[in-house]
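S.K.: can't give you the sequence, but here's the structure:
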């Protein structure tokens, strides 16, 4: 191993260590004192509930763990968006579980909470996965109600999705394990089956204080909407549980009896671990986002037996296209080559840049995978499409449009891993969030933005400098450097993978060594949903 490998390894292991430390903090939700208060009421935390429900929590994947990070400091923060979402197995059946975290503002819904819940439902709809709601929420966070209540992608969309999923035959099970008030009361009752925990669970459109204020009736919350009321008088809920574990055991028994499903039929054989050591990834990914490396070496450490069959190996070399297997599943890989390559014509192509021939090759490969019903895996480390007169005269916009068209119209499931750069239109062509990947994750080394912090700072500096000079302000070198550093610091914060994860532009930030598990579980989920329409590129300029 050379010195650069060791430096890279140290750097990337530090990034993973930071990831684990930040995740450990997020897992505490509202903090240890609030967890203790929850326990004193005989209740489990959201994470404890999910861990008890799943067959093996270590074999689950968590969606949106960093949702809301650093977004609501003026309101006391909202760790994980106040809700925990995991994909795992209950009685051997893959499900998605959504659990309100009552230690975070009593489980109240912030704007990001709504976005995260909608993402969970989107995953359930796309993959026809059973979804389980563990409800413990005070409802909409009133100081921000204008940002979560009325719009199309706000709170009300949750209940619309409940109805849509029911019509699609997607199993929905809800357990009311704490508060469930106002509009939120519709979620469990619009599910197929609803449980409620005695003495700690309650459901009502308006609590006792509001009832007193509205109609003058004096009544306590338990009589108004507790377990006995809804299981024996109103008939709103279907099962009464004595405590959290009893409710979760009931859910397990319900899921255990769900029938089989029509499979999409994606090809899978027995898994084989990579021949090359996956931990080498830490030493291969460079410390600097500007440095180059060989993407083939990354692929060898992600795929079964480190084997792949490359499509058009000598053509369009700034994108690698190859058939391989991950955890036994057949996949078609579309990856940005980050190494400077020399074409047969003797021309040099920069790593991470999409050229005309690369876009053409990727388009044809994506079409082939759709024809063969092979899921697509995009490995992103892209700075964008090639610019300049030669590329423009060769029709780079047209070739790029072909690739974007193929990605957009692809009917096989797509999965995206942001390894390094994810800039500009390159993000789009390589299946960014806007192009409906079933799952999209980032490594700690990732950056997502229109362009790099350095490039953006230079552009913005020129704009601000020109503006200030028009106002008569003179610019010294010191002033220019200070302004540049200020702009770059602000932009660097925005390109961070944590900034993206906080806003659910990605589903997770993961240790590179977890990549195989995420892809495998993603394809397993997608296998629940047979393809319902043919692949069609529509009107495409050839």
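M.R.: Received, thanks. All of these numbers come straight from a predicted model, not from anything done at the bench.
S.K.: touching stretch 504-514 from outside, list them.
M.R.: Residues from elsewhere that reach stretch 504-514, judged by C-beta atoms under 8 Å, 6 or more residues apart in numbering: 12, 16, 19-20, 61-67, 81, 112, 115-116, 119, 278-279, 281-282, 285, 418-419, 433, 439-444, 446, 448, 497-498, 500-501, 518. From N, CA and C alone the C-beta is placed, and that goes for glycine too.
S.K.: flag every buried residue along that stretch.
M.R.: 504-512 (16 or more other C-beta atoms under 10 Å).
S.K.: so residue 330 makes contact with residue 266?
M.R.: Yes - if you go by C-beta atoms under 8 Å, residue 330 and residue 266 touch, sitting 6.7 Å apart.
S.K.: overlap of the contact sets of the two?
M.R.: Listed as contacting both residue 330 and residue 266 by C-beta under 8 Å, 6+ apart are 374-375.
S.K.: now do the strands in the stretch 301-450 of the chain.
M.R.: With DSSP state E, counting those that start in this stretch as the criterion, the stretch 301-450 of the chain has strands at 308-310, 319-326, 329-336, 341-342, 348-349, 353-354, 376-382, 384-385, 414-423, 439-442, 447-449.
S.K.: how far does the worst-scoring helix or strand of the chain on mean pLDDT sit from its chain's centre?
M.R.: Lowest on mean pLDDT, DSSP states H and E among the helices and strands of the chain sits strand 348-349, with a mean of 72. A distance of 34 Å separates the centroid of the chain from that of strand 348-349, by C-alpha atoms, centre = their mean, to the nearest Å.
S.K.: strand partners of it, parallel vs antiparallel please.
M.R.: strand 341-342 (antiparallel) (DSSP bridges).
S.K.: distance check, residue 424 against residue 220.
M.R.: 58 Å (C-beta to C-beta, to the nearest Å).
S.K.: more crowded one of these two?
M.R.: residue 424 (17 against 10; other C-beta atoms under 10 Å).
S.K.: make sure residue 88 is indeed in a strand.
M.R.: Yes - membership of residue 88 in a strand is supported by DSSP: H, G, I helix; E, B strand; the rest coil.
S.K.: using a markdown table, lay out the buried residues of stretch 504-514 together with secondary structure, distance to residue 533 and pLDDT.
M.R.: Below are these laid out as a markdown table (DSSP: H, G, I helix; E, B strand; the rest coil; distance: C-beta to C-beta, whole Å; pLDDT from 0 to 100):
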| residue | secondary structure | distance to residue 533 | pLDDT |
| --- | --- | --- | --- |
| 504 | coil | 27 | 97 |
| 505 | coil | 27 | 96 |
| 506 | coil | 27 | 97 |
| 507 | coil | 24 | 98 |
| 508 | strand | 29 | 98 |
| 509 | strand | 33 | 98 |
| 510 | coil | 31 | 98 |
| 511 | coil | 36 | 98 |
| 512 | helix | 34 | 98 |
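S.K.: now the end-to-end length of stretch 54-63.
M.R.: End-to-end distance for stretch 54-63, by C-alpha to C-alpha, to the nearest Å: 15 Å.
S.K.: oh, I was asking about stretch 266-286
M.R.: One end of stretch 266-286 to the other measures 34 Å (C-alpha to C-alpha).
S.K.: buried residues, it. List them.
M.R.: Buried, per 16+ other C-beta under 10 Å, within stretch 266-286: 266, 268, 274, 276, 278, 280-286.
S.K.: out of the buried residues of stretch 504-514, who's nearest residue 414?
M.R.: residue 507 (12.8 Å; C-beta to C-beta).
S.K.: ok, that closest one to residue 4 distance?
M.R.: Residue 507 sits at a distance of 31 Å from residue 4 (criterion: C-beta to C-beta).
S.K.: before we move on, back to that, what does the least confident helix or strand of the chain rub up against?
M.R.: By C-beta under 8 Å, 6+ apart, strand 348-349 touches 317-318, 340-343, 355, 358.
S.K.: rerun at 6 Å
M.R.: Here strand 348-349 makes contact (C-beta atoms under 6 Å, 6 or more residues apart in numbering) with 318, 341-342, 355.
S.K.: now list the buried members of the residues you listed.
M.R.: By 16+ other C-beta under 10 Å, the contacts of strand 348-349 give 318, 341, 355 as buried.
S.K.: any chance of the residues you listed in JSON lines, plus pLDDT and distance to residue 98?
M.R.: JSON lines is the format used below for the buried ones among the contacts of strand 348-349 (pLDDT from 0 to 100; distance: C-beta to C-beta, whole Å):
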{"residue": "318", "pLDDT": "94", "distance to residue 98": "40"}
{"residue": "341", "pLDDT": "79", "distance to residue 98": "45"}
{"residue": "355", "pLDDT": "90", "distance to residue 98": "43"}
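S.K.: ok, back up a step: which one among the buried residues of stretch 266-286 gets closest to residue 92?
M.R.: The closest of those, once distances to residue 92 are taken by C-beta to C-beta, is residue 268, at 16.5 Å.
S.K.: how confident is the prediction for the closest one, by pLDDT?
M.R.: If you check residue 268, the pLDDT there is 98.
S.K.: ditto for the one 3 residues further on
M.R.: pLDDT recorded at residue 271 is 97.
S.K.: same question for residue 452.
M.R.: Here, the pLDDT recorded for residue 452 equals 69.
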